[in-house]
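Participant: quick one, fold the following:
(4 chains)
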Number of protein chains: 2
Amino acid sequence: MNEADVITALSALAQETRLRVLRYLVTKGPAGAAAGEVAGVVEASPSRASFHLSTLADAGLIVAERDARSIIYRVDFERMGALMGYLVHDCCANNATVRSCC
Amino acid sequence: MNEADVITALSALAQETRLRVLRYLVTKGPAGAAAGEVAGVVEASPSRASFHLSTLADAGLIVAERDARSIIYRVDFERMGALMGYLVHDCCANNATVRSCC
DNA sequence: CATTCATTTCAATAATCCTTGAAATGTTAT
DNA sequence: ATAACATTTCAAGGATTATTGAAATGAATG
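Facilitator: Next up, the predicted model:
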C-alpha cells in the first residue's frame, strides 16, 4: 500500500455516508450486504448509495460481488488492516502512544 | 472523539501535502518544527504550508505554539492514537484481522 | 521606531466532490 | 417476450477544497 493508495482510502473514509456504510458492512462481516439494504440503512437514494459504495470499492476497502439481482458488498478487512498498518508504522513511525490505542 | 471529529481528522490526513507534513512532524517528535521549516521540507509556499498546517491543527492532529518569530508545530500523538482507536474499535468493531496490523 | 523576518489572512480562481433525477444495464419471473 | 426488480451510469448543478499571490500581523533587531 503506497502513499497514493493511503490517500485514496482516507478520502473514502472521510465522508459521513461512507463511514456509516463501512460501519454497517463491518457488522455484517464476511456475509456482507446488498446495495439496496445498505442504502436503506444509511438512508440514501439508490444512486447516492451506489456512488458511495463505488468510491469505497475503488479505494479497495470493500469488495463487490453479484448475487442474482443484487450486488453484495463486503469489507476487505485485510485492506483495512493494511491502511491501519501504514498509519501506525509508516506514518506514525510506530509511536508508542499511537500504538497503545489499538 | 465523535464521528464528526473522526471525519475531520480523516479529511485532514487525506491530502498529499498534509500527509507529508504529518509524517515529517512525526520524525521531529515532541520538539516539533517551525512552519517555515515544514514548508521547505514539503516544498510548499508559506501560505500554502500555513493553510495545510491550520487544517491539521483544526483537526486536532497537530498543535501550534509560538516561539519568538516562529510558530512551532508538533504532532498530538494522543489525538492520533484516539483516531486509530476509533477506527479499530468503533468502526471495525475490533476485527481481529484489522487489529493484527497494528 | 523603522526594518526585517516568520507566518497568517484574504480574495480570486481552479479543481474536486456530492447530490439529484432520469435513463440504461443486467437479472429473474410470469 | 414482457414486466418487474436491483443497481449503476450519466449529466447537470451546487458545495466544498486547494492554490496563488498580495496584503496584513506579530516579533525581533539595528
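Participant: pLDDT value on the residue nearest to the spatial centre of chain A, please?
Facilitator: Of all residues in chain A, the one closest to the mean position by CA atoms, centre = their mean is A:Leu61, 3.8 Å from it. Looking at A:Leu61, its pLDDT is 98.
Participant: wouldn't it be in contact with A:Leu19 here?
Facilitator: No: with contact defined as CB atoms under 8 Å, A:Leu61 does not reach A:Leu19; the gap is 10.6 Å. C-beta coordinates here come from the backbone N, C-alpha and C atoms, glycine included.
Participant: what sits against A:Thr8?
Facilitator: Residues in contact with A:Thr8 (CB atoms under 8 Å, 6 or more residues apart in numbering or on different chains) are A:58-60.
Participant: quickly find the element holding it.
Facilitator: Here A:Thr8 sits within helix A:3-13, counting by DSSP states H and E.
Participant: in that helix, what's buried?
Facilitator: A:6-13 (16 or more other CB atoms under 10 Å in any protein chain shown).
Participant: next secondary structure after it?
Facilitator: Following helix A:3-13 toward the C-terminus (DSSP H and E): helix A:16-28.
Participant: hmm, who's touching that following helix?
Facilitator: For helix A:16-28, using CB under 8 Å, 6+ apart, the contacting residues are A:12-13, A:32-33, A:38, A:41-42, A:44, A:48-49, A:52-53, A:55-56, A:61-62, A:73-75, B:3, B:6-7, B:10, B:90-93, B:95.
Participant: the helix or strand that it is followed by vs DNA strand C: in contact?
Facilitator: Using DSSP H and E, the helix or strand that follows helix A:16-28 towards the C-terminus is strand A:33-34. No: judged by CB under 7 Å from any atom of the strand, strand A:33-34 stays clear of DNA strand C, getting no closer than 12.0 Å.
Participant: just checking: what are the partner strands of strand A:33-34?
Facilitator: Note on strand A:33-34: by DSSP bridges, its sheet partners are strand A:70-75 (antiparallel).
Participant: before we move on, the earlier item: how far out from the middle of the chain is the helix holding A:Thr8?
Facilitator: Offset of helix A:3-13 from its chain centre (CA atoms, centre = their mean, to the nearest Å): 10 Å.
Participant: just want the angle from it to helix A:16-28.
Facilitator: 90 degrees (axes from the mean of the first three to the mean of the last three CA atoms, to 10 degrees).
Participant: hmm, helix A:3-13 in reach of DNA strand D?
Facilitator: No: contact of helix A:3-13 with DNA strand D (CB under 7 Å from any atom of the strand) is absent, the minimum separation being 9.0 Å.
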